[in-house]
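Take a look and give me a structure for this.
(chains A and B)
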Amino acid sequence: AQSVTQLDSQVPVFEEAPVELRCNYSSSVSVYLFWYVQYPNQGLQLLLKYLSGSTLVKGINGFEAEFNKSQTSFHLRKPSVHISDTAEYFCAVSPRDDKIIFGKGTRLHILP
Amino acid sequence: ETGVTQSPTHLIKTRGQQVTLRCSSQSGHNTVSWYQQALGQGPQFIFQYYREEENGRGNFPPRFSGLQFPNYSSELNVNALELDDSALYLCASTGWASGRGSNEQFFGPGTRLTVL
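Below is the predicted model of the structure:
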């Protein structure tokens, strides 16, 4: 079985400051790792995903994430946030059979 | 724009009623998955269909059922609605993302179901 833990339910950060959203996962098999973003009243949009290879993954909107196998983590980072980044962010895993297991989400608040 | 559409956008039902939610996938996407997202929670996998057959199920009771049609549309049916069924229901179709060079799930905007 797989599980995902997002360590912060809410993260406030000032505009143009850097941000890190933390994610840890548990799995007995190899998994794909994802970060999705959900803007208010919208569906999910894929930010980035890790399948294999380089542990630093670059995604859309200036986000990147680093896979750390020893710490079973996949933290999401952005060097400078914008007000438009206000949204809910979900870390997720998939055991390669197309079924995705999501964390509970982290709400990113951008402060002016 | 993912090309995945869902209807209706919002729906209000009462306990005990039945509901059908619809999803239209992109042409060529043979796999569709349904998720339930309760308020303040992450989406939870309900089930997946591949070429009109159920291809995996999450921890949901049998009153949650689905159908997939040859025209890339699908339905989620919920019988004997309970208050806890109030949630955003998302469908996702699996297809090739040329920009990423791999398959991925493309999510629709969801149907918000309220059970009174």
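
Name the residues that touch the lowest-mean-pLDDT helix or strand in chain B?
Least confident helix or strand of chain B, by mean pLDDT, DSSP states H and E, is strand B:102-107 with a mean of 85. Strand B:102-107 has contacts (C-beta atoms under 8 Å, 6 or more residues apart in numbering or on different chains) with A:36, A:43-46, A:49, A:51, A:98, A:100, B:2-4, B:26, B:29, B:33, B:90-97. For every residue, glycine as well, the C-beta is placed using N, CA and C.

Now with 7 Å, please.
For strand B:102-107, contacts defined as C-beta atoms under 7 Å, 6 or more residues apart in numbering or on different chains pick out A:43-44, A:46, A:51, A:100, B:2-4, B:26, B:33, B:90, B:92-97.

give the contact list for the residue most central in space within chain A.
The centre of chain A sits closest to A:Trp35, judged by C-alpha atoms, centre = their mean, with a distance of 3.5 Å. Listed by C-beta under 7 Å, 6+ apart, the contact set of A:Trp35 reads A:Leu47, A:Leu48, A:Gly59, A:Ala65, A:Leu76, A:Tyr89, A:Cys91.

before we move on, the earlier item: show me what counts as buried in the least confident helix or strand of chain B.
Of all the residues in strand B:102-107, those buried under the rule 16 or more other C-beta atoms under 10 Å in any protein chain shown are B:Glu104, B:Gln105, B:Phe106, B:Phe107.

just curious, which of these is nearest to B:Tyr49?
Nearest to B:Tyr49 among the buried residues of strand B:102-107, counting by C-beta to C-beta, is B:Gln105 at 12.9 Å.

Wait, B:Asn30 touches B:Glu52, no?
No. Counting by C-beta atoms under 7 Å, B:Asn30 stays clear of B:Glu52, with 9.0 Å between them.

Just give the closest residue to the residue of chain B found nearest chain A, not the sequence neighbours.
Nearest to chain A in chain B, going by C-beta to the nearest C-beta, is B:Gly42, at a distance of 3.5 Å. Using C-beta to C-beta, 6 or more residues apart in numbering or on different chains and skipping the chain neighbours, the partner closest in space to B:Gly42 is A:Phe102 (3.5 Å).

got the contact list for that neighbour?
Taking C-beta under 7 Å, 6+ apart, one finds A:Val4, A:Phe90, A:Ala92, B:Gly42, B:Pro43 in contact with A:Phe102.

Let's see which of those end up in strands.
When those are checked against strands (DSSP state E), the matches are A:Val4, A:Phe90, A:Ala92.

Which ones, among the residues you listed, also lie beside chain B?
Subset of the ones in strands among the contacts of A:Phe102 in contact with chain B: A:Phe90, counting by C-beta under 7 Å from any C-beta of the partner chain.

out of the ones in strands among the contacts of A:Phe102, who's nearest chain B?
A:Phe90 (5.3 Å).

That closest one - how many residues pack around it?
Look at A:Phe90: counted by other C-beta atoms under 10 Å in any protein chain shown, it has 26 neighbours.

Closest to A:Thr72 out of the contacts of A:Phe102?
For the contacts of A:Phe102, the minimum distance to A:Thr72 (C-beta to C-beta) is 10.1 Å, reached by A:Val4.

The closest one pairs with what?
A:Tyr25 (DSSP bridges).

pLDDT wise, what is it at?
Per-residue pLDDT puts A:Val4 at 96.

wait, what's in contact with it?
A:Cys23, A:Tyr25, A:Cys91, A:Ala92, A:Val93, A:Ile101, A:Phe102, A:Gly103 are the contacts of A:Val4 under C-beta under 7 Å, 6+ apart.
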